[in-house]
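Q: Below are the sequence and a predicted model; questions follow.
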Amino acid sequence: MTHVTDPAESTTTPAPAPGIWRRMRLWGVAHAVDDLYQGLVPAAVPYFVLDRHYSYVAASGLTLAATLGSSVPQPFVGVAVDRLALRWLAAAGVTLAGLGLGLSGLMPSYAAVWCLILLSGLGVAMFHPAAGKAARESAGDSAAAMSVFAAGGSVGFFLAPALATPALIAWGVGSTALFIPPAVLTAFALLRHQRRRPAPAPVGGPAGGQDRWRPFAVLTCVEVVRSVAFFGVNTFIELYWIRHLHASRLLAGAALTFFLAGGVGGTLLGGRLADRLGMVRTVQIGAALVLPMLGGLLLAPGSVVPLLFAVLTGVALNLPFAVLVKLGQDYLPTRPGTAAGVTLGLAVSVGGLLAPVLGLVADAHGPRGALAALCVVPPIALALGLMLPEPRR
């Protein structure tokens, strides 16, 4: 069912005060550094295979360690963040994420590498709920301000292979140690910022602070479905360019870059749209746009014209990303850390865990078949989006 908005309610959100942007930039940079370590795992795994002669099964085990560490604990960390005063947890999380990933390339045994990457994932899990709660407190009721925080994660994931690949080629897996300093510096900046500012009162959410679990469950399903599509395109877009469009590896890499860059832009644009049109409407618009953009990517002629649709697909898929984070916290106003842990962590990771199903489709029908199979996802996301109510003012 669709939600009929009360005429007395306004979907337009006032512009945030200038000081908010400074604080949100800090949280956006911190999110970028934290998610940099998530992106470094898939960038570094091939070099563990080359330098340490790991099998493909062992290599996939490292990816599994990162996913388990970052996804499973996040809802529990979110509960702890909501119940206890853990303002230091975001700084501790980004530090652990950096140390775990950075030291992994220096360890000789596979067991030690696996455990360190698991700990790095745990650091990511510690960061997201605490940072999501603190960022929301700083952003107030502005989805545009919250989109700065959300876009930071997309930027970090986007930059990871570009920063890591030259170092890994030049110095091997031991070069992971070069990525420890950003985590330490970021943690120092967060602790300094939080010492200077008193803990703000919670903002936003329904009147009376009543948690609404039913729409939050629907929202979580929307995020899982969106994540399946994002991970699917992220996994197979380069192979589609190489094996179906017969393009060069350089052009295939450009397609992935354009897709991820479009995701960053879509995250920021979604926040602006949500402040003007409403959060639920923005989620619905994003879901409605994915199918024509993905269809254009598959049907456009040549290997250059589809690059435009690679960008637009990234924009459409990420248009609701920051909105879903903020909307989840509005549905659970007394549990903003739990909401952030689910929307930023668990739901996103579940989408990644379902990616092997698309791998089976690709084995049978090629990468184009896997991307074509994703066309069933946007209508599901749109149908779920039509069930979401606007948060109460």
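A: Arrived safely. Being a predicted model, the structure only gives us computed values, none of them experimental. Numbering: from 1, shown residues only.
Q: Show me where the stretch 151-300 of the chain has its helices.
A: 180-196, 213-239, 249-277, 279-299 (DSSP state H, counting those that start in this stretch).
Q: which helices and strands sit right next to the shortest one?
A: Helix 180-196 makes packing contacts with helix 18-52, helix 89-104 when contacts are defined by 3 or more Cβ pairs under 8 Å, 6 or more residues apart in numbering; DSSP states H and E. All C-beta spots, glycine's among them, are computed from the backbone N, C-alpha and C.
Q: Give me the mean pLDDT for the last one.
A: So the one you mean is helix 89-104. For helix 89-104, the mean pLDDT works out to 95.
Q: Likewise for the first one?
A: Averaging pLDDT along helix 18-52 yields 84.
Q: Following element in sequence after it, please.
A: helix 56-71 (DSSP states H and E).
Q: Would you reformat the helices of the stretch 151-300 of the chain as a markdown table and include distance to residue 307 and mean neighbour count?
A: Putting the helices of the stretch 151-300 of the chain into a markdown table (distance: least, Cβ to Cβ, whole Å; neighbours: other Cβ atoms under 10 Å) gives the following:
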| stretch | distance to residue 307 | mean neighbour count |
| --- | --- | --- |
| helix 180-196 | 30 | 17 |
| helix 213-239 | 10 | 22 |
| helix 249-277 | 5 | 21 |
| helix 279-299 | 9 | 21 |
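Q: Figure out which of the helices and strands packed on helix 180-196 is closest to residue 173.
A: Judged by Cβ to Cβ, the one of the helices and strands packed on helix 180-196 that comes nearest to residue 173 is helix 18-52, at 5.0 Å.
Q: if I pick the residue nearest to residue 39 when sequence neighbours are not counted, what's in contact with it?
A: Distances taken as Cβ to Cβ, 6 or more residues apart in numbering place residue 160 nearest to residue 39, at 2.7 Å, with adjacent residues excluded. Contact partners of residue 160, counting by Cβ atoms under 8 Å, 6 or more residues apart in numbering, are 36, 37, 38, 39, 40, 42, 43.
Q: And residue 129, by the same measure?
A: 74, 77, 78, 81, 89, 337, 338, 340, 341, 344, 345.
Q: 6 Å instead, please
A: 77, 78, 81, 337, 340, 341 (Cβ atoms under 6 Å, 6 or more residues apart in numbering).
Q: Show me those that map onto helices.
A: 77, 78, 81, 337, 340, 341 (DSSP state H).
Q: farthest pair in these?
A: With distances taken as Cβ to Cβ, the most widely separated pair in the ones in helices among the contacts of residue 129 is 77 and 340, at 9.6 Å.
Q: and the two? which has more neighbours close in?
A: residue 340 (31 against 24; other Cβ atoms under 10 Å).
Q: so how far is residue 78 from that one?
A: 6 Å (Cβ to Cβ, to the nearest Å).
Q: Could you give me the buried positions within whichever strand or helix holds residue 114?
A: Assessed by DSSP H and E, residue 114 sits inside helix 110-139. Neighbour counts over helix 110-139 (16 or more other Cβ atoms under 10 Å) mark 113-139 as buried.
Q: Repeat that for stretch 73-87.
A: Per 16+ other Cβ under 10 Å, stretch 73-87 contains these buried residues: 73, 74, 75, 77, 78, 80, 81, 82, 86, 87.
Q: how close does the fifth one sit to residue 256?
A: The span separating residue 78 from residue 256 equals 31 Å under the rule Cβ to Cβ.
Q: Show me what secondary structure element comes after the least confident helix or strand in the chain by mean pLDDT.
A: One helix or strand of the chain scores below all others by mean pLDDT, DSSP states H and E: helix 347-353, with a mean of 69. Remark: after helix 347-353, the chain's next helix or strand is helix 355-373, criterion DSSP H and E.
Q: So which residues make contact with that next one?
A: With Cβ under 6 Å, 6+ apart as the criterion, helix 355-373 contacts 231, 232, 235, 236, 239, 240, 243, 244.
Q: what's the spacing between the nearest residue to residue 306 once chain neighbours are set aside and residue 307?
A: In this structure, residue 306 finds its nearest non-sequential neighbour in residue 300, 4.4 Å apart by Cβ to Cβ, 6+ apart. According to Cβ to Cβ, residue 300 stands 9 Å off from residue 307.
Q: Likewise for residue 96?
A: According to Cβ to Cβ, residue 96 and residue 307 sit 38 Å apart.
Q: of those two, who's got more company?
A: For residue 96 versus residue 307, the count of surrounding residues by other Cβ under 10 Å is larger for residue 96: 23 against 20.
Q: Touching, that one and residue 124? I think so.
A: No. Applying Cβ atoms under 6 Å, one finds residue 96 not in contact with residue 124, separated by 8.5 Å.
Q: distance of residue 164 from residue 142?
A: 33 Å.
Q: Next: residue 302.
A: Distance of residue 302 to residue 142, given as Cβ to Cβ: 41 Å.
Q: Check residue 214 too.
A: Residue 214 is 26 Å from residue 142, by Cβ to Cβ.
Q: One more: residue 370?
A: For residue 370, the distance to residue 142 - Cβ to Cβ - is 37 Å.
Q: Residue 309 is in contact with residue 296, correct?
A: Yes. Under the criterion of Cβ under 6 Å, residue 296 makes contact with residue 309 at 3.9 Å.
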